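Asker: Okay, sequence plus prediction incoming.
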Amino acid sequence: MRSALRLHGIKRMHTKWGSCHSTSKRIWLNLELGKKHPDCLEYVLVHELMHLLEPTHSDRFFELMDKHMPNWEQHKALLDEPPIMHVDWNY
């Protein structure tokens, strides 16, 4: 019996936007994604889902990204724009 994918949770991560544990089929997302454009969340989620099909950042991984999210590089660039993490927004 195949186990279903689970969004395991959201937590503050210091070095990653998300992580995928392909054996347990669990994905974690960084709490700080809530401070980024929604396209960034979509990119990270697709990125982590692709790790269920290809665990490493191999050529096949990037082919899958191109197939399932053709504009992923634009979303990644948006994600990498400052502020990467901002604690006090001073609204």
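Answerer: That came in fine, so what should we check first?
Asker: got any ranges where the chain has weak pLDDT?
Answerer: For the chain, the stretches flagged by pLDDT under 70 are 1-11, 13-15, 83-91.
Asker: Going along the chain, name the strands of the protein.
Answerer: For the chain, the strands defined by DSSP state E occupy 6-11, 18-21, 26-30.
Asker: which helix is the longest one in the chain?
Answerer: In terms of residue count, the longest helix belonging to the chain (DSSP state H) is helix 38-53.
Asker: Which strands and helices lie in contact with it?
Answerer: Where contact means 3 or more Cβ pairs under 8 Å, 6 or more residues apart in numbering; DSSP states H and E, helix 38-53 is packed against strand 18-21, strand 26-30, helix 59-68, helix 72-80. No exception for glycine: its C-beta is placed from N, CA and C like everyone else's.
Asker: got CSV for these, with mean neighbour count and distance to Lys36 too?
Answerer: Formatted as CSV, those follow (neighbours: other Cβ atoms under 10 Å; distance: least, Cβ to Cβ, whole Å):
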stretch, mean neighbour count, distance to Lys36
strand 18-21, 18, 12
strand 26-30, 20, 9
helix 59-68, 14, 18
helix 72-80, 15, 6
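Asker: could you dump the ones you listed to JSON lines with distance to Met50?
Answerer: Shown next, in JSON lines, are these (distance: least, Cβ to Cβ, whole Å):
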{"stretch": "strand 18-21", "distance to Met50": "8"}
{"stretch": "strand 26-30", "distance to Met50": "11"}
{"stretch": "helix 59-68", "distance to Met50": "5"}
{"stretch": "helix 72-80", "distance to Met50": "9"}
